[in-house]
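K.L.:
no sequence on this one, just coordinates:
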Ligand SMILES: CC(=O)SCCNC(=O)CCNC(=O)[C@H](O)C(C)(C)COP(=O)(O)OP(=O)(O)OC[C@H]1O[C@@H](n2cnc3c(N)ncnc32)[C@H](O)[C@@H]1OP(=O)(O)O
Ligand SMILES: N[C@@H](CCO)C(=O)O
């Protein structure tokens, strides 16, 4: 078995690893019958969205909740790792019987984002002619991704979501839902996301894109047929290392790792500090479960995020939202700082005051502080 050097984490085969195959489990697929028209022009044929659901849809369709994942998430909100699900659920504490999104009450739907690599159409998927999309996969925007999710909602018979919830990239799509389809979004919970990607967010993403594209195994994105274990793994690993630092806070890293060497390694003689080893670990885990092409497509899509584009600017766009809304910031988030969520809370007429998730963990706080997120869900769904 090929493994990421020095980690033992298995590398995916370059071909057939993502976006294809129908592993057993709860995952289902929705196929678009027509090509999806894209905001940047052109269209995407053969679109499919992978999704998972929990609970039962009521006959009037009024209890549906849409959960939207972040950059490297997937449809597997809860449940163990298994075939097709390399990680256990990423919001385990939030969804299930007796939890804030109580599946005895709510019908919870979680799609894998368009452009992703866990069942939905993305660069590692095959085009109608059988070749991988690779570097020919078109530029997507959040609006395209939401348009694909609208078709899924229609297919499931959901005319209006009782709640749309998302953090980070998922929050961008949740916002896009509420702005483009206010009549279909009854309540909205936005976590750690902006109205538009800022210069700094674009800058961090650009550096990550450079890391991937400068990997000699990138081949312009056409590496999916390169053979088992071949792909821009080093570039993707670099991108994840950098991103992961932005996902955490400086005080957390300092308190947790300080200047401590990793076990018996000596940083003065080529060994690693603990924090370097920690980043190596997260890089290797991502390389083992995620497609670099999807990472590029989704990062570029996040860079296009600007809720006011073509809508008379951010303030005018936010005024379209009619959903009962809560916006929450993570107090230590240096990637999507609270000032961005304050702008959302102030600009959405139906939003209550900005809520703050207290966490030492930085941006990842929206994934880690599930008790605080659960309290916000309960507040929003009890009224
Ligand atoms: C919606 C979505 O975003 S879905 C995708 C979410 N999941 C991911 O992004 C996976 C990457 N992980 C993360 O982003 C974060 O780990 C979270 C948010 C999921 C969880 O955060 P935390 O619970 O604080 O985990 P933390 O960052 O401390 O990482 C723990 C891991 O680091 C490892 N680790 C800790 N210190 C070191 C070290 N010195 N050297 C090597 N590995 C280390 C631990 O062994 C543990 O490994 P494991 O996850 O394989 O069991
Ligand atoms: N850990 C999250 C952070 C981005 O919000 C992810 O990988 O999706």
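P.N.:
Great, that's in hand. The structure displayed is predicted, hence computed values, not measured ones. Numbers count the residues shown, from 1 in each chain. Ligands and ions are numbered 1, 2, ... in the order given.
K.L.:
Which single residue in the stretch 101-250 of the chain comes nearest to ligand 2?
P.N.:
residue 168 (3.2 Å; C-beta to the nearest ligand atom). For the C-beta atoms, the positions are set from N, CA and C on the backbone; glycine is no exception.
K.L.:
Surely that residue touches residue 363?
P.N.:
Yes - the pair residue 168 / residue 363 is scored as a contact, 6.8 Å apart, by C-beta atoms under 8 Å.
K.L.:
shared neighbours of these two, anything?
P.N.:
The contact sets of residue 168 and residue 363 overlap at 192, 336 (C-beta atoms under 8 Å, 6 or more residues apart in numbering).
K.L.:
Could you give the number of residues near residue 338?
P.N.:
By other C-beta atoms under 10 Å, the residues close to residue 338 number 19.
K.L.:
I'd like to know how far it sits from residue 356.
P.N.:
7 Å (C-beta to C-beta, to the nearest Å).
K.L.:
got any residues that touch both of the two?
P.N.:
Shared contacts of residue 338 and residue 356, defined by C-beta under 8 Å, 6+ apart, are found at 329, 330, 331.
K.L.:
Give me the three-state assignment for residue 179.
P.N.:
helix (DSSP: H, G, I helix; E, B strand; the rest coil).
K.L.:
dump the residue contacts of it.
P.N.:
For residue 179, counting by C-beta under 8 Å, 6+ apart, the contacting residues are 307, 311, 317, 318, 320, 321.
K.L.:
How far does stretch 105-122 sit from its chain's centre?
P.N.:
Remark: stretch 105-122 is offset 10 Å from the chain centroid, using C-alpha atoms, centre = their mean, to the nearest Å.
K.L.:
List the buried residues of it.
P.N.:
Neighbour counts over stretch 105-122 (16 or more other C-beta atoms under 10 Å) mark 106-122 as buried.
K.L.:
ditto for stretch 335-352
P.N.:
Within stretch 335-352, judged by 16+ other C-beta under 10 Å, the buried ones are 335, 336, 337, 338, 340, 341, 343, 344, 345, 347, 348, 351.
K.L.:
so which of those would you say is closest to residue 374?
P.N.:
Nearest to residue 374 among the buried residues of stretch 335-352 is residue 341, at 18.2 Å by C-beta to C-beta.
K.L.:
Please read off the pLDDT at the closest residue to ligand 1 within the stretch 51-200 of the chain from the model.
P.N.:
Of all residues in the stretch 51-200 of the chain, residue 73 sits closest to ligand 1, at 2.8 Å by C-beta to the nearest ligand atom. With respect to pLDDT, residue 73 scores 95.
K.L.:
wait, what's in contact with the residue nearest the centre of the chain?
P.N.:
Most central in the chain under C-alpha atoms, centre = their mean is residue 70, positioned 1.8 Å from the mean C-alpha point. Applying C-beta under 8 Å, 6+ apart, we find residue 70 in contact with 166, 167, 168, 169, 170, 366, 367.
K.L.:
let's see 6 Å
P.N.:
Listed by C-beta atoms under 6 Å, 6 or more residues apart in numbering, the contact set of residue 70 reads 167, 168, 169, 170.
K.L.:
Could I have the ChimeraX command that selects the buried members from the residues you listed?
P.N.:
A single ChimeraX command selects the buried members of the contacts of residue 70 (16+ other C-beta under 10 Å):
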select :167,168,169,170
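K.L.:
so does stretch 53-72 get close to ligand 2?
P.N.:
Yes - contact of stretch 53-72 with ligand 2 (C-beta under 6 Å from any ligand atom) involves 70, 71, 72.
K.L.:
how far does that stretch sit from the chain's center?
P.N.:
Worked out by C-alpha atoms, centre = their mean, stretch 53-72 lies 16 Å from the chain centre.
K.L.:
Appreciated, that's everything.
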